[in-house]
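A.B. asks: Below: sequence and its predicted model.
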Amino acid sequence: LLADSAAGEIHLDQPNADHAKGSKPEKPPKRRTFRFDTVLDHAVSQQEVFKRAGISSMVDATLEGFDATVFAYGQTGSGKTFTMEGYQYEDALKSERLIPTEPAPNVRGTDKERLGLVPRTAHYLFDRMNERAGPEGEL
């Protein structure tokens, strides 16, 4: 798998039957190329994801009455939760809880740069609402 962010492409080398048998392949793997509006690799910051995904434009449109959706899709472990949330998770056994539970997001203790699309969107939305509010706070 090769991500080409500049071209907006992902290249996938699909092994042929020779590769599956474990013998020396006679032909190289077949390369499939997928094109997207935007391709971001693992090194991109959360702020850059927010910017390149056009979230601020979507929020602005919702304030004008339009609907908007962000859909995260991908293989297990590929980073969807991190991209959407970005929170650091606290080990339940190390927390101050008396009863061990599942790891919980450390909402207040997460570094601002790490925050994902959902908290960034909420901050952006409330900032825009405050800008639009009248002297009495009405929208």
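C.D. replies: In hand now; what should we look at?
A.B. asks: Do you know the pLDDT at the residue most central in space within the chain?
C.D. replies: The residue lying closest to the centre of the chain (Cα atoms, centre = their mean) is residue 83, at 2.8 Å. We have a pLDDT of 93 for residue 83.
A.B. asks: swap in residue 93?
C.D. replies: Looking at residue 93, its pLDDT stands at 58.
A.B. asks: picking that back up, let me see the contact set for the residue nearest to the centre of the chain.
C.D. replies: 46, 49, 72, 116, 117 (Cβ atoms under 8 Å, 6 or more residues apart in numbering). (Glycine included, C-beta is placed from N, CA and C.)
A.B. asks: now with 6 Å?
C.D. replies: Shown in contact with residue 83 (Cβ atoms under 6 Å, 6 or more residues apart in numbering): residue 116.
A.B. asks: residue ranges of the helices in this protein, please?
C.D. replies: Here the chain has its helices, by DSSP state H, at 17-21, 46-52, 55-63, 80-84, 117-132.
A.B. asks: right, and these - which one's nearest residue 37?
C.D. replies: Of all the helices of the chain, it is helix 46-52 that lies closest to residue 37, at 9.4 Å by Cβ to Cβ.
A.B. asks: packing partners for that closest one?
C.D. replies: Helix 46-52 sits against no helix or strand, with contacts defined as 3 or more Cβ pairs under 6 Å, 6 or more residues apart in numbering; DSSP states H and E.
A.B. asks: gap between it and the chain center?
C.D. replies: 9 Å (Cα atoms, centre = their mean, to the nearest Å).
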